[in-house]
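Enquirer: everything below, folded, please.
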Amino acid sequence: MTPSLLAAMRAQEELSGVVTTIRDLAAKGATASGDVAGIVVEPERNTLRLYWAGTMPETVAAEIGRARSAGITVVVRSAAYTEAELRREVERLVRLPLHSGKPSAQRVMAAMPMPDGSGIKVNIGGLPAGTSVASALRSVPALDSKYPLTVDLSSELVPASRWYDWGPYWGGGYMDRTAGGSCSNAFGVTGLNGVATYLLSAAHCGQGEWRTGAVNFGNGPERNTYGSTITSRALAHDGHAILTPDGAGNAVYHGTPVNPNNNDLGATSGIRVGGASRSTIGELVCTSGSYTGTVCGIRVAATGISYQFDPPAHGVGVMTNMVNAQLPGVSVAGNGDSGGPVYAIRTTDQRAIARGVISAIDLNQERPCTGYVYPGRACSSSVLYGEVVDIMNTIGVRINVG
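Expert: Numbers count the residues shown, from 1 in each chain. All right, here's what the predicted structure looks like:
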């Protein structure tokens, strides 16, 4: 990690604290007359941009003053709509049909609040060639909204479908399913009863028993079994949990990917997890899927995204409150990285702060794959992930820290 990236992440820690305080104060003082419309941070400039709709509570104004006194640049802009009302509309839209009649091919739609509170951005793909935005607005039921829509017809979202681990298992590891298919895992968690431990991964990877990669120690291939998925799943955030009888640890692999082509088992070291929190536009995060390995400096580009696959893909149809992060020109995730961890790094103690679980990649920003490359593998500089806080709250678990 470069010195400039470390400096940006150090500034990001203080900015994230201000964001959390503003959101907490807004939640306590929110009324019909005003609320947060959007927040964007710029760690490299130690800057926070707050978009506010309506009247701002005195407590929020006081926190802005405190942040400015601490040397943070806070820019406040008025907005037309609150983040909450736009998110409610986004979640309504993605539950509407993408076809006006019988589906002839799969269509994919992603919708998200504009960060400045001006309306909703929609990406939709799979429409017939030559379809215009105007005709899409007339013919696609899910584009019927009273809010301003900015529509892009180029969506190509696809599910993003380390080798031999042993308990207590770390996040970022390779895993394959007894019934077929391979993915990555994200973070070790513990049930709210404080007894059972689990590994988080992506729900679209599939249910059943999951295992590590196989290694030949001279007596034939050997592998360990992580465990089996539990029935409680966070389908709306593309998350599920694997019960781990041998335990789930408090660290994630950080470094090189697996590469069976070269008998490379991937990273053998990692970093401890220090907590979990939500993402903010402008933050810098890392991904660490088992096929691509660790990539840092990926900027959060959008939050509050809802999208649907119609018909459903891999058993998952509608997902809400997802996050998009991008690093132009660099492959940050691809097939096989699904279920892997997304995290920020707390520079004071080099702990990973869990942000999400890799769900999908955007092939409009396809890049050559790195790490484990095989025929047909697709990768992208744009990744979508489910908020780990939402996944944990839905399943009923807490992050393992160390």
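Enquirer: how does the chain divide up, domain by domain?
Expert: Following automatic domain parsing, one finds the domains of the chain at 3-79, 84-155, 159-399.
Enquirer: out of those, deepest packed?
Expert: Relative to the other members of those, domain 159-399 carries the highest mean neighbour count by mean count of other C-beta atoms under 10 Å, namely a mean of 21. Using the backbone N, CA and C atoms, a C-beta is placed for each residue, glycine as well.
Enquirer: any idea how far that domain is from the middle of the chain?
Expert: Between the mean C-alpha location of domain 159-399 and the chain-wide mean there is a distance of 10 Å, by C-alpha atoms, centre = their mean, to the nearest Å.
Enquirer: average pLDDT for it?
Expert: Domain 159-399 shows a mean pLDDT of 92.
Enquirer: so who does the residue nearest to Ala196 when sequence neighbours are not counted touch?
Expert: For Ala196, the nearest residue in space outside its immediate sequence neighbours is Leu243; the separation is 6.3 Å by C-beta to C-beta, 6 or more residues apart in numbering. With contact set as C-beta atoms under 8 Å, 6 or more residues apart in numbering, Leu243 has these partners: 196-198, 227-230.
Enquirer: which members of those residues occur in strands, if any?
Expert: Counting by DSSP state E, the contacts of Leu243 place 197-198, 227-229 in strands.
Enquirer: out of these, which one sits closest to Gly181?
Expert: The shortest gap between Gly181 and any of the ones in strands among the contacts of Leu243 belongs to Thr229, at 12.4 Å (C-beta to C-beta).
Enquirer: that closest one and His204 touch, don't they?
Expert: No. The pair Thr229 and His204 does not pass the contact test of C-beta atoms under 8 Å, sitting 11.9 Å apart.
Enquirer: now distance to Gly119 too, for the contacts of Leu243, in CSV please.
Expert: Rendered in CSV, the data for the contacts of Leu243 read as follows (distance: C-beta to C-beta, whole Å):
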residue, distance to Gly119
Ala196, 44
Thr197, 43
Tyr198, 39
Gly227, 44
Ser228, 44
Thr229, 38
Ile230, 39
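Enquirer: pretty sure Tyr307 sits in a strand.
Expert: Yes. With the criterion set as DSSP: H, G, I helix; E, B strand; the rest coil, the secondary structure at Tyr307 is a strand.
Enquirer: for the residue nearest to it when sequence neighbours are not counted, give the beta-bridge partners.
Expert: What sits nearest to Tyr307 in space, not counting adjacent residues and going by C-beta to C-beta, 6+ apart, is Ala110, at 3.7 Å. In this structure, Ala110 has the following beta-bridge partners (DSSP bridges): Asn123, Tyr307.
Enquirer: and stretch 2-19, average pLDDT?
Expert: For stretch 2-19, the per-residue pLDDT values average out at 92.
Enquirer: can I get the CA coordinates of it in PDB?
Expert: Output in PDB follows, covering the C-alpha atoms of stretch 2-19 (Å, rounded to 0.1, in the frame of the first residue of the first chain):
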ATOM      1  CA  THR A   2       1.400   3.400  -1.100                       C
ATOM      2  CA  PRO A   3       2.100   6.200   1.400                       C
ATOM      3  CA  SER A   4      -0.500   8.400  -0.300                       C
ATOM      4  CA  LEU A   5      -3.100   5.700   0.100                       C
ATOM      5  CA  LEU A   6      -2.300   5.200   3.700                       C
ATOM      6  CA  ALA A   7      -2.600   9.000   4.300                       C
ATOM      7  CA  ALA A   8      -6.000   9.000   2.600                       C
ATOM      8  CA  MET A   9      -7.200   6.100   4.700                       C
ATOM      9  CA  ARG A  10      -5.900   7.900   7.900                       C
ATOM     10  CA  ALA A  11      -8.000  11.000   7.000                       C
ATOM     11  CA  GLN A  12     -10.900   8.700   6.100                       C
ATOM     12  CA  GLU A  13     -11.100   7.400   9.700                       C
ATOM     13  CA  GLU A  14     -11.900  10.900  11.000                       C
ATOM     14  CA  LEU A  15     -14.300  11.600   8.200                       C
ATOM     15  CA  SER A  16     -16.100   8.300   8.800                       C
ATOM     16  CA  GLY A  17     -16.500   9.400  12.500                       C
ATOM     17  CA  VAL A  18     -18.100  12.600  11.500                       C
ATOM     18  CA  VAL A  19     -20.400  10.800   9.000                       C
END
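Enquirer: other residues contacting it?
Expert: Contacts made with stretch 2-19 from outside it, assessed by C-beta under 8 Å, 6+ apart, are listed as 39, 41, 43-44, 46, 48, 63, 67, 70, 72, 74, 277, 280, 283-284, 296-297, 344-348.
Enquirer: please narrow those to those residing in strands.
Expert: Going by DSSP E, the strands hold 39, 41, 48, 74, 284, 296-297, 344-346 from these.
Enquirer: relative to Gly386, which of these is nearest.
Expert: Within the ones in strands among the contacts of stretch 2-19, distances to Gly386 taken as C-beta to C-beta reach their minimum at Ala344, with 15.8 Å.
Enquirer: pretty sure the closest one contacts Arg355?
Expert: Yes. With contact defined as C-beta under 8 Å, Ala344 counts as touching Arg355 (5.9 Å).
Enquirer: all helices of the stretch 51-200 of the chain, in order?
Expert: With helices called from DSSP state H, counting those that start in this stretch, the stretch 51-200 of the chain shows them at 58-69, 83-93, 133-139.
Enquirer: any weak-confidence spans in the stretch 51-200 of the chain?
Expert: 104, 155-156, 158-161 (pLDDT under 70).
Enquirer: ok, now with 50
Expert: Judged against pLDDT under 50, the low-scoring parts of the stretch 51-200 of the chain cover residues 161.
Enquirer: can you tell me the SS state at Ile22?
Expert: The assignment at Ile22 comes out as helix when based on three-state DSSP.
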